[in-house]
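Q: Sequence and computational prediction follow.
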Amino acid sequence: MGHNHSHGNHHEVQGKNLLFSIILNLVITVAQVIGGLISGSLALLSDALHNFSDVLSLVFSYVAHKLSQKEASINQTFGYKRAELIAAFVNAMTLIIVAFFLIYEAIERFFNIHTIASDLVIWLSLLGIIVNGLSVIMLKNDADKNLNMKSAYLHLFTDMLASVAVLIGGLLMKFFQWYWVDSVLTLLIAIYLLFVGFDLLKKSTQMLMLFTPSHIDIKEIITEVHTIPGIEKLHHIHVWYLNEDELHLEAHLECQEDIKMTEFNEILQKIEHVLFEKFQINHINIQPEYKKEETSKDFIVQD
């Protein structure tokens, strides 16, 4: 059986940036809750609720990040590498739940408009923009390489946008007394949360379910591998992400001749090169076969 490990796409994320963002968001959450209750602003309270969900999500992401770095053991042969995918999934669900709650509150408040202390809304929204903006900058690089960090980044980025919207609303309420803007902004924030939440939920679910990545074409893999001399057929193929750094392929390989293991190793090396260079597959597990009875005719088989 051939087995290859390559980590050409590995990216070391900075957990300390996430920890700092947790502290910053905890401070802004407390400030916005107090300010929202004093001012009567639903948009400010919704932003605070969103921030609080972010604090919980960021803590979850941080714990998952630390778990993912633990070494594998006899009982956990993959370690905790998929913990970050679970964190991304849960974070996506919290975004969606918060969004539906905000939609309900915004609609109810729209028909019961309240006078709002706009000055407090303005100053706290500015504080939210600064704090979340700083957190977004710190996590941007990691978010491009890691789905868990992207989930944390999206939480913070939507917070920053929400704070910008709340600031605009505060200014409109201060100078024009348009208090209905508070409900409209809350609704817009919620709709945006649904958009990013469902996208993140879809990606994390696909990885957790071990679906073939969207950029991978199994038929193209077969075509490429079958050009290598000595190969009869590649079948029982599975391709999946263990985490975002590790793209796995396992398959059975029917050889044309009853070859020695040293000859198979040469074939395997060529397969590893093709799959890594053309498809970025860095973990390959191949089971060699020769005229095995009841060999499946299908490329994809439910084992």
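A: Sure, I can see it. Residues are numbered from 1 along each chain as shown.

Q: neighbouring contacts of stretch 162-175?
A: 41, 43-44, 46-47, 50, 116, 118-119, 121-122, 124-126, 128-129, 132, 178-179, 181-182, 184-185, 188-189 (Cβ atoms under 8 Å, 6 or more residues apart in numbering). Any C-beta I mention is one placed from the backbone N, CA and C, and that applies to glycine too.

Q: Strands of the stretch 1-150 of the chain, residue ranges please.
A: With DSSP state E, counting those that start in this stretch as the criterion, the stretch 1-150 of the chain has strands at 2-5.

Q: for it, which spans come out with low pLDDT?
A: Scanning the stretch 1-150 of the chain with the threshold set as pLDDT under 70 gives 1-15, 43, 47, 50, 53, 114, 148.

Q: try the stretch 201-303 of the chain
A: Those would be 294-303, if you go by pLDDT under 70 across the stretch 201-303 of the chain.

Q: Quick check: which element contains Leu194?
A: Taking DSSP states H and E as the definition, Leu194 sits inside helix 181-208.

Q: Point out the other helices and strands that that helix packs with.
A: helix 42-68, helix 83-110, helix 147-176 (3 or more Cβ pairs under 8 Å, 6 or more residues apart in numbering; DSSP states H and E).

Q: Looking at these, which is nearest to His238?
A: His238 lies closest, by Cβ to Cβ, to one member of the helices and strands packed on helix 181-208: helix 83-110, at 17.2 Å.

Q: Check which residues of that closest one are buried.
A: Of the residues in helix 83-110, 83-92, 94-96, 98-99, 101-103, 105-106, 109 count as buried by neighbour count, 16 or more other Cβ atoms under 10 Å.

Q: who does that helix touch, helix- and strand-wise?
A: Against helix 83-110 (3+ Cβ pairs under 8 Å, 6+ apart) you get helix 42-68, helix 147-176, helix 181-208.

Q: Could you check the angle the longest one makes with helix 181-208?
A: Angular relation of helix 147-176 and helix 181-208 on a 0 to 180 degree scale: 170 degrees, by axes from the mean of the first three to the mean of the last three Cα atoms, to 10 degrees.

Q: Quote the end-to-end distance of stretch 278-293.
A: The first and last residues of stretch 278-293 sit 32 Å apart, counting by Cα to Cα, to the nearest Å.

Q: I meant to write stretch 222-229 there.
A: 13 Å.

Q: how distant is that stretch from the center of its chain?
A: On the basis of Cα atoms, centre = their mean, to the nearest Å, stretch 222-229 sits 33 Å off its chain's mean C-alpha point.

Q: hang on, the earlier thing: turn the helices and strands packed on helix 181-208 into JSON lines, including distance to Gly35.
A: Listed next are the helices and strands packed on helix 181-208 as JSON lines, based on distance: least, Cβ to Cβ, whole Å:
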{"stretch": "helix 42-68", "distance to Gly35": "6"}
{"stretch": "helix 83-110", "distance to Gly35": "17"}
{"stretch": "helix 147-176", "distance to Gly35": "10"}
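
Q: just to revisit the earlier point, mark which of the contacts of stretch 162-175 are buried, thanks.
A: Buried among these (16+ other Cβ under 10 Å): 41, 43-44, 46-47, 50, 116, 118, 121-122, 124-125, 128-129, 132, 179, 181-182, 184-185, 188-189.
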